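> no sequence on hand, only this structure:
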């Protein structure tokens, strides 16, 4: 009987001890929950660049890759970026890798004499378009993400060619000119060309008759149907017209969705993923949203001041990343950076992500 009682008591003690310890985490301090980042960006610090991630509210700021600049959104956890030997005035490499820099592939390498090297990843994640400034011509090219199938696409006189992949990744639109064009020598015609990414052939799209002189356009953005483009800039012999313009990719037509504007920023005009909205900034601290037809314009006075440059729509077309910059950087339109902010279309409000003038490019992680 005593043995039975002792066994029963001992068993009860064990059971009681296990019951008390079932929620093991109650006996230990829980690790803090870290939110997944929403945004990937290029941070500016003098001549240095770093790739960071951050949450919408400005928390969880994390440096991913030092001495590097990202110029397009991630695709399936992969990125393409320019890695500098020391700073932006040094030689550099174009790299394809995971977002943290692991599993990297070096695609191209450039000496310091090649200026303003840029690279963007296709929305399909299979190809990279790259370009750089050289004297007397700039080059634009394309390469697969494994480093094969490099194609030289064009030599250009227009250093702000800004190639843009169509959403399906089948086309690249860019600005071209047979002349050297810059803000110091702007009175030259600038054309818009479109390239087939499968073989590098040009489609023959020709908008040279629009006579982008005086202050040539810089921004191109595709509609989600892969058929239309939107751009903004001044054209005419004296730069007397500055509009946001929708173009068909086969040169069959165009229309302005603004009228006689002289304050449109030539940077950052963007078409939304739902194909319904176009956002553009101006030089007086305003963002503007137009529908495809140009009707129902929503003017947003952010109260920011400076030049506002949209960076990226989110996938649901409800929020836009944008930069509040200090000037329009006439001497070099690529040399801009500012405070990173978010504009929420649904409630017509803006909020700051990074409060200093230290962001150059920014994209959603989706």
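Received it, and whenever you're ready, just let me know what you need. Since this is a predicted model, take the numbers as computed values, not measurements. Numbers count the residues shown, from 1 in each chain.

> residues in contact with residue 197?
122, 127, 142, 165, 169-172 (CB atoms under 8 Å, 6 or more residues apart in numbering). Placement of C-beta: from N, CA and C, glycine included.

> so which of the residues you listed comes closest to residue 200?
Nearest to residue 200 among the contacts of residue 197: residue 142, at 6.5 Å, using CB to CB.

> possible to save the contacts of residue 197 as CSV with neighbour count, distance to residue 105 and pLDDT?
Conversion of those to CSV gives the following (neighbours: other CB atoms under 10 Å; distance: CB to CB, whole Å; pLDDT from 0 to 100):
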residue, neighbour count, distance to residue 105, pLDDT
122, 22, 15, 97
127, 21, 13, 97
142, 21, 15, 94
165, 24, 19, 93
169, 18, 19, 94
170, 15, 23, 93
171, 21, 24, 91
172, 25, 21, 90
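
> which one of those is nearest residue 74?
residue 122 (12.0 Å).

> ok so, going back, which of the contacts of residue 197 fall in strands?
127, 142, 165, 171-172 (DSSP state E).

> of the contacts of residue 197, closest to residue 76?
residue 122 (11.4 Å).

> the nearest residue to the closest one once chain neighbours are set aside and residue 230: what is the separation?
Among residues not flanking residue 122 along the chain, residue 169 sits closest, at 4.3 Å (CB to CB, 6 or more residues apart in numbering). Distance, residue 169 to residue 230, using CB to CB, to the nearest Å: 19 Å.

> same thing with residue 315?
Separation of residue 315 from residue 230 (CB to CB): 19 Å.

> looking at these two, which is more packed in?
The neighbour comparison of residue 315 against residue 230 (other CB atoms under 10 Å) goes to residue 230, with 22 against 11.

> the more buried one in helix, strand or coil?
strand (DSSP: H, G, I helix; E, B strand; the rest coil).

> now it: how far from residue 287?
15 Å.

> same thing with residue 325?
13 Å.

> shared neighbours of those two, anything?
residue 308.

> where does the stretch 251-366 of the chain dip in pLDDT?
Applying pLDDT under 70 to the stretch 251-366 of the chain picks out residues 251-253, 259-266, 283, 292-305, 326-335.

> which parts of it are strands?
All strands of the stretch 251-366 of the chain, identified by DSSP state E, counting those that start in this stretch, fall at 254-256, 270-271, 277-281, 286-291, 298-301, 307-313, 319-325, 338-344, 349-364.

> residues in contact with the shortest one?
Spelled out, it's strand 270-271. 219, 221-224, 228, 230, 277-280, 310-313, 320.

> out of the residues you listed, which are buried?
Buried members of these, scored by 16 or more other CB atoms under 10 Å, are 219, 221-224, 228, 230, 277-280, 310-313, 320.

> from the residues you listed, which two are the most distant?
228 and 311 (20.4 Å).

> who's in contact with the residue lying closest to residue 165 once chain neighbours are set aside?
Distances taken as CB to CB, 6+ apart place residue 122 nearest to residue 165, at 5.0 Å, with adjacent residues excluded. Neighbouring residues of residue 122 by CB under 8 Å, 6+ apart: 75, 128-129, 165, 169, 197.

> got the residues you listed as TSV, with distance to residue 350 columns?
Output for these, formatted as TSV (distance: CB to CB, whole Å):
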residue	distance to residue 350
75	27
128	33
129	31
165	28
169	31
197	35
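
> tell me the one of the residues you listed nearest residue 96?
residue 128 (6.8 Å).

> quick check: that closest one touching residue 143?
Yes: here residue 128 reaches residue 143: they are 5.3 Å apart, a contact under CB atoms under 8 Å.

> joint contacts of those two?
With CB under 8 Å, 6+ apart as the test, residue 128 and residue 143 both reach residue 107.

> who's more crowded, those two?
When residue 128 and residue 143 are compared for neighbours, residue 128 comes out ahead with 24 against 20, by other CB under 10 Å.

> and the more buried one, bridged to which residues?
Note on residue 128: beta-bridge partners by DSSP bridges are residue 121, residue 143.

> equivalent analysis for residue 98, please.
residue 78.

> ok, now residue 93?
Those that pair with residue 93 in a beta bridge, by DSSP bridges, are residue 83, residue 109.

> next, work out how far apart it and residue 108 are.
7 Å.

> same check on residue 359?
25 Å.

> more neighbours: those two, which one.
residue 359 (27 against 19).

> how many neighbouring residues does the closest residue to the more buried one other than its chain neighbours have?
Distances taken as CB to CB, 6+ apart place residue 340 nearest to residue 359, at 4.0 Å, with adjacent residues excluded. Residue 340 has 26 neighbouring residues, counting by other CB under 10 Å.

> right, and residue 340 touches residue 351 too?
No: between residue 340 and residue 351 there is no contact under CB under 8 Å: 10.3 Å.

> which ones are touching residue 342?
56, 319-322, 350-351, 353.

> same list (those) but as TSV, adding distance to residue 66.
Shown next, in TSV, are the contacts of residue 342 (distance: CB to CB, whole Å):
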residue	distance to residue 66
56	24
319	28
320	28
321	22
322	25
350	30
351	27
353	20
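
> show me just the buried residues among these.
Looks like the contacts of residue 342 have 56, 319-322, 350, 353 buried, using 16+ other CB under 10 Å.
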